[in-house]
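Visitor: The following block contains a protein sequence and its predicted model.
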Amino acid sequence: MNVAFILNGEKVNADIRPATRLVDLLRNTFELTGTKIGCEEGECGACTVLVDGVAVNSCLYLAADVDGADVLTIEGLRSNGGIHEVTRVFVESGAVQCGFCTPGMIMRAYAFLKENNNPTTEEIKRSIEGNICRCTGYAKIIDAIQNLADARGGGGGGESRGSSRMKQK
Amino acid sequence: MSQIEKYEAPVTLEEALRILSANQGRVRPIAGGTDVLVRMKRGMMPPNETILLNLKKIPDLTVIEKTTSSDGRPAIRIGAAVTVRTIQRDELIRTSVPVLSAVADTMASPQVRATATIGGNVANASPAADLAVPLLLLDAQVEIGRLQNHVGGKVVSELFPVEEFFTGPGETRLPKGALITGLLLPCPDKNTRFVVKKGGVRPAMECAVVSAGCGLTVDGSGVVKDARVAFGAVAPTPVRGRRVEDFLIGKQLTEDTVDGALALVDREINPISDVRGSREYRIDLTKALLRVALHENAGNSEYVRTGRETA
């Protein structure tokens, strides 16, 4: 069967099997390997992509179900072709170590901040409850999201967590 | 995954039921996929199931509407394919049956909630199914659709009380060839308060080790006029605690009353020991969570918590 959809801003289509998973369509057919496979059971969030603006686990999403949808992966999160501000703040806040959880974290953070531009620390922690990180201990990931919210003018809603909190100007 | 040969996405309930009846035993209905795709990955699909039947395109299964229950009370009908994320956010659900939205907040993760459905949670029938506890507290009914003669004829609808729908771990009364089409929730009156506590080791991404919930209607002098109590993950199915309910009615919610209620819990539940906890731990945790739930329901401030309970 064939699916036609928008992928990172472009109209695409692909032949798939009935039970092809979205994560495999993205990684194997479109060679977009930024989206990672971690647990294949919807527990780790490494496979997080946006479908119609909503963060989902692509390991639990049928490729058949993106027909007519708008899909965004980490490769598509760019700013005028360059690094996106969410990615930049992750890097600059020290929120990236091995990088394996990072695409999923960034996609989730991007979707979250679109809905909540002035989050509390507690809301940020809850927002990434579906994304596991084995390296960072989460502190700098939380700081990164807070830093971006602050920089966008959301105000200093969260408590300081350490040296990676950027000082307000 | 390669056992699947066909994918169907009907746009009417009738079409879906005809596909089911024409391919008996070979169809796996799928909505959010957060249980089905895990089973596929684990190689746990019945080997005859070669057809995936996507239910998400059937409009009637994604509707949320005001209606009346079979005894004439105002009620909410939630289509089976309504997602947990929608249940968290929908204004009608949040105002009419807020306990359902509150429990939806405690489920899995944002990504899973975005696709998981209430129909799937009920159909999967885990003894720990999170939404089962509020559905029990609300005396909800499961609405199923099937073909009149089971293999042909027009589409007919049947209602099952939630309490009678679950028959064992992973097992329900869903007739062969039928689909869960919706949940019917009578709206509680404004004087009834509900509190559900989910117990476990982490605040997210967890199957409940124990869930305990209560709905209490208390009169002006603090006497319990009506009580609903329900438990999850401590029996082969989610259960109501009828002995506890009967005990609470007519009493004020003092420490002695709560102690008396907890003493009856042993006869209401029958937990197993498994990787998430021993039987003894689960019995203790059920009592602890019910104590907190009852006190929080009564507004006893020292017991009121924000956020989720963790063991």
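Guide: Done, it's in.

Visitor: wait, is residue B:188 part of a helix?
Guide: No - when DSSP: H, G, I helix; E, B strand; the rest coil is applied, residue B:188 is found to be coil, with no helix at that position.

Visitor: Quick check: the gap between it and chain A.
Guide: Computed as Cβ to the nearest Cβ, to the nearest Å, the residue B:188 to chain A distance reads 27 Å. Where you see a C-beta, it was placed from the backbone N, CA and C, and this is true even at glycine.

Visitor: Next, count neighbours for that residue.
Guide: For residue B:188, the neighbour count with other Cβ atoms under 10 Å in any protein chain shown is 22.

Visitor: any idea whether the residue of chain A found nearest chain B is helix, strand or coil?
Guide: When distances are taken as Cβ to the nearest Cβ, chain A approaches chain B most closely through residue A:130, which lies 2.4 Å from it. At residue A:130, secondary structure determined by three-state DSSP is coil.

Visitor: Not counting its neighbours along the chain, what's nearest it?
Guide: Take residue A:130 and drop its neighbours on the chain: the residue closest to it by Cβ to Cβ, 6 or more residues apart in numbering or on different chains is residue B:109, 2.4 Å away.

Visitor: So which residues on chain B come close to chain A?
Guide: B:1-2, B:4-7, B:9, B:30, B:32-34, B:37-38, B:40-41, B:52, B:54, B:56, B:85, B:108-112, B:114-115, B:203-205, B:307 (Cβ under 8 Å from any Cβ of the partner chain).

Visitor: now with 7 Å?
Guide: Counting by Cβ under 7 Å from any Cβ of the partner chain, the residues of chain B lying close to chain A are B:1, B:4-7, B:33-34, B:37-38, B:40-41, B:52, B:54, B:109-112, B:114-115, B:204-205.

Visitor: circling back to that earlier point, pretty sure the residue of chain A closest to chain B contacts residue B:110?
Guide: Yes - contact status for residue A:130 versus residue B:110: in contact at 5.4 Å, counting by Cβ atoms under 7 Å.

Visitor: ok, of the residues of chain B next to chain A, which come out buried?
Guide: B:4, B:7, B:33-34, B:37-38, B:40-41, B:52, B:54, B:109-112, B:114-115, B:204-205 (16 or more other Cβ atoms under 10 Å in any protein chain shown).

Visitor: Flag the shaky bits of the chain, pLDDT-wise.
Guide: This is for chain A. Flagging of chain A using pLDDT under 70 yields the residue ranges A:154-169.

Visitor: The chain in question should be chain B.
Guide: Low-confidence segments of chain B (pLDDT under 70): B:1, B:150, B:301-311.

Visitor: What residue in it comes nearest to chain A?
Guide: At 2.4 Å from chain A, residue B:109 is the closest residue in chain B, using Cβ to the nearest Cβ.

Visitor: now the helices: where do they sit in chain A?
Guide: Listed in chain order, the helices found in chain A under DSSP state H are A:22-24, A:85-92, A:102-115, A:121-127, A:139-149.

Visitor: angle of the third one against helix A:85-92?
Guide: Taking axes from the mean of the first three to the mean of the last three Cα atoms, to 10 degrees, helix A:102-115 and helix A:85-92 form an angle of 130 degrees between their directions.

Visitor: Touching helix A:102-115 from outside, list them.
Guide: The contact list for helix A:102-115, computed with Cβ atoms under 7 Å, 6 or more residues apart in numbering or on different chains, reads A:34-36, A:45-50, A:53-55, A:74, A:77, A:86-87, A:90, A:96, A:127-128, A:131, A:133, A:141, A:145, A:148-149.

Visitor: The residues of chain B next to chain A in strands, which ones?
Guide: Secondary-structure check on the residues of chain B next to chain A using DSSP state E: residues within strands are B:6, B:7, B:52, B:54.

Visitor: Can you give me the neighbour number for the residue nearest to the last one when sequence neighbours are not counted?
Guide: Excluding the flanking residues, the one nearest residue B:54 by Cβ to Cβ, 6+ apart is residue B:9, at 4.2 Å. By the other Cβ under 10 Å criterion, the neighbourhood of residue B:9 contains 18 residues.

Visitor: quick one: residue B:9 and residue B:53 touch, right?
Guide: No - the pair residue B:9 / residue B:53 is not scored as a contact, 8.1 Å apart, by Cβ under 7 Å.

Visitor: ok, now which ones touch residue 61?
Guide: Looking at chain A here, since you left the chain open. Contacts for residue A:61 (Cβ under 7 Å, 6+ apart) come out as A:21, A:22, A:51, B:33, B:115.

Visitor: look at chain B instead
Guide: Taking Cβ under 7 Å, 6+ apart as the criterion, residue B:61 is in contact with B:55, B:79, B:80, B:81, B:181.

Visitor: Mind giving me the PyMOL select for those, buried ones only?
Guide: Applied in PyMOL, the following selects the buried portion of these according to 16+ other Cβ under 10 Å:
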select buried, chain B and resi 55+79+80+81+181
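
Visitor: And the contacts of residue B:61, which is closest to residue B:169?
Guide: Looking at the contacts of residue B:61 and their distance to residue B:169, the nearest is residue B:80, at 20.5 Å (Cβ to Cβ).

Visitor: Not counting its neighbours along the chain, what's nearest the residue nearest to the spatial centre of chain A?
Guide: Taking Cα atoms, centre = their mean, the centroid of chain A lies closest to residue A:107, which sits 1.2 Å from it. The shortest distance from residue A:107 to any non-neighbouring residue, by Cβ to Cβ, 6+ apart, is to residue A:48 (4.6 Å).

Visitor: wait, doesn't that neighbour sit right on residue A:54?
Guide: No - with contact defined as Cβ under 7 Å, residue A:48 and residue A:54 do not form a contacting pair (10.4 Å).

Visitor: For the two, work out which one has more neighbours and name it.
Guide: Neighbour count, other Cβ under 10 Å: between residue A:48 and residue A:54, residue A:48 has more, with 33 against 17.

Visitor: can you pull the contacts of the more buried one?
Guide: Under the criterion of Cβ under 7 Å, 6+ apart, the contact list for residue A:48 reads A:55, A:57, A:104, A:107, A:108, A:131, B:111.

Visitor: Now for the fifth one, how many residues are close by?
Guide: Spelled out, that is residue A:108. Using other Cβ under 10 Å: residue A:108 sits among 27 other residues.
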